[in-house]
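**Q** next one to model:
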Amino acid sequence: MMSEPTHFVHVYATVRVKMAVSAKDHHEAMLAADSALFAKGFGVRLIPSAEGALEAGYAEEVTGYLVDEAGDPEFLRSANYGPDYEPDWGLRGRDHGGGQASPA
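**A** Numbers count the residues shown, from 1 in each chain. Modelled structure (predicted):
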């Protein structure tokens with residue numbers, strides 16, 4: 001059984017999958033989410049329901065991550081990362097909140 005989640009990781013692949021993981025920091029949280037999601041193949045079933053949709057599947061590409069910390073309802077420690085786990089500060093600069101990536 002999974003312990004209480006400390007991070008919620010939104011994995012931006014062709015589909016977005018929100019994962020609940022326990023980790024000490026954002027970098028570890030992303031690695032844990034990848035492991036849980038991809039270790040035994042893609043962990044989500046895509047079921048096409050539109051008329052004419054024949055199949056749906058994972059495109060084998062992660063374009064980024066959004067990491068939210070549990071217990072942070074205002075999302076002040078949330079941060080975006082690229083597919084390489086490096087911070088993607090975008091419009092929100094380093095001094096305006098956001099989590100800190102672990103040194104590689």
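
**Q** quick one, helices of this protein?
**A** 26-38 (DSSP state H).

**Q** any stretches of it with poor pLDDT?
**A** The model of the chain has pLDDT under 70 over residues 1-2, 14-15, 42, 53-54, 91-104.

**Q** residue 21 reaches residue 29, doesn't it?
**A** Yes: counting by Cβ atoms under 8 Å, residue 21 does reach residue 29; the two are 5.4 Å apart. To be clear about C-beta, it is placed using only N, CA and C from the backbone, and glycine gets the same treatment.

**Q** which residues touch the nearest residue to residue 75 once chain neighbours are set aside?
**A** Spatially, and ignoring its direct neighbours in sequence, residue 75 is nearest to residue 68 (6.0 Å; Cβ to Cβ, 6 or more residues apart in numbering). Neighbouring residues of residue 68 by Cβ atoms under 8 Å, 6 or more residues apart in numbering: 7, 8, 9, 10, 75, 77, 78.

**Q** hey, what's residue 68 bridged with?
**A** Beta-bridge partners for residue 68, by DSSP bridges, are residue 8.

**Q** for residue 30, list the residues it contacts.
**A** Taking Cβ under 8 Å, 6+ apart as the test, what residue 30 contacts is 9, 65, 67, 81, 85.

**Q** mind listing the strands for the chain?
**A** 7-12, 16-21, 64-69, 79-81 (DSSP state E).

**Q** residue 5: how many residues sit nearby?
**A** Residue 5: 18 surrounding residues under other Cβ atoms under 10 Å.
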